[in-house]
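J.: After the sequence you'll find the predicted model.
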Amino acid sequence: MRSPQLLSYSLVVHGGAGVWKTGRRRKGIKGVQRAASTGREILRHGGSALDAVEACIVTMEDDPVFNAGYGSYLNLIGRVEMDASIMDGRTLRAGAVALLTRVKNPIHLARLVMEKTDHVLVAGQGAERLADIFQLERHNPITLTAKKSWRSLRKQLGRKELSHLAKTSQLIHDHPTAFSSGTVGAVAQDSGGAIAAATSTGGLALRLPGRIGDTPLIGSGTYADEAGGCSVTGIGEAAMRLVLAKTACDLMARGLTAQKAAEQAVGLLEKRLRMKTGMITLDSNGRIGSAHNTRDLCWAYVKPGMRNPHAAIR
């Protein structure tokens, strides 16, 4: 195996777009930096992009500061329903899961769907049964912080302060802090040039039970091919309508850099739907990009020669 210092790779992660309150910003930055460091260790020793993005997501699913895995937001009736997906850009293989309730790391099950079944997306009880078959670790994903937030939002709903709940875009506009830091994602290119992307989420707070967002829908929340990879964060319904992750990758296939593709994709969503989103991108030349029309985006990236991953909320 070649010396780690000689390997070429690129990695970018996000911890969610929205409004990151002052008390959580430092934890969010440290969290995405830790995730990027985890992925870098795999890539710098010749590991695959798939392994790297999965490891990054696991790190963030285990961190309660993020809305994925442990710490996921609660739905309208106070339950957790988690989604995740992963995609190999070289082969176009993909796996996704939705409506998980107690699987500790949904991204593990998404990869198993990709590698051990004939399907791309498995949801609900069927996905939970697969988790039992593969003996995945179970865990109660509900934190005290999530419960406190849910109770507060339910009170607002009861007072009809959230009477426009069905209009998700208006709800986000009027109550942005209730939906901040949703979804985590990672995109990587390994030393062999392969690109992979992965995304995981606990979903929108107070969403209807059974609601599935963009995260487990290949092309909407996650996509990777030979031109690049993308992970989306924000309002899932908007990303689904524009197949946003695939749109960004198509822009890179036409020759745009990762940064330009991210900016144009976010701009298109804002123009057509006037809704909020964010994304990270990586193109076939290893260039990374990020864009958002929310107040904040928590993200990090790392390349060879960097002492530590760069992490920020901007």
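T.: Arrived safely.

J.: ok, which stretches of the stretch 151-300 of the chain are strands?
T.: All strands of the stretch 151-300 of the chain, identified by DSSP state E, counting those that start in this stretch, fall at 184-189, 195-201, 222-224, 228-234, 277-283, 288-292, 296-302.

J.: Turn these into JSON lines, columns for mean pLDDT, distance to Gly213 and mean neighbour count.
T.: The C-beta positions use only the backbone N, C-alpha and C, and glycine is treated the same way. Formatted as JSON lines, the strands of the stretch 151-300 of the chain follow (pLDDT from 0 to 100; distance: least, C-beta to C-beta, whole Å; neighbours: other C-beta atoms under 10 Å):
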{"stretch": "strand 184-189", "mean pLDDT": "98", "distance to Gly213": "13", "mean neighbour count": "35"}
{"stretch": "strand 195-201", "mean pLDDT": "98", "distance to Gly213": "7", "mean neighbour count": "33"}
{"stretch": "strand 222-224", "mean pLDDT": "98", "distance to Gly213": "11", "mean neighbour count": "33"}
{"stretch": "strand 228-234", "mean pLDDT": "97", "distance to Gly213": "10", "mean neighbour count": "33"}
{"stretch": "strand 277-283", "mean pLDDT": "97", "distance to Gly213": "12", "mean neighbour count": "30"}
{"stretch": "strand 288-292", "mean pLDDT": "98", "distance to Gly213": "17", "mean neighbour count": "24"}
{"stretch": "strand 296-302", "mean pLDDT": "97", "distance to Gly213": "18", "mean neighbour count": "27"}
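
J.: Ok, which of these comes nearest Trp20?
T.: strand 296-302 (4.5 Å; C-beta to C-beta).

J.: May I have the strands that pair with that closest one, each with its orientation?
T.: strand 10-18 (antiparallel), strand 310-313 (antiparallel) (DSSP bridges).

J.: Residues contacting the shortest one from elsewhere in the structure, which ones?
T.: The set of residues that contact strand 310-313 without belonging to it, under C-beta atoms under 8 Å, 6 or more residues apart in numbering, is 20, 25, 28-30, 32-33, 36, 296-302.

J.: ok now it, how far from the chain's centre?
T.: In terms of C-alpha atoms, centre = their mean, to the nearest Å, the centre of strand 310-313 is set 16 Å apart from its chain centre.
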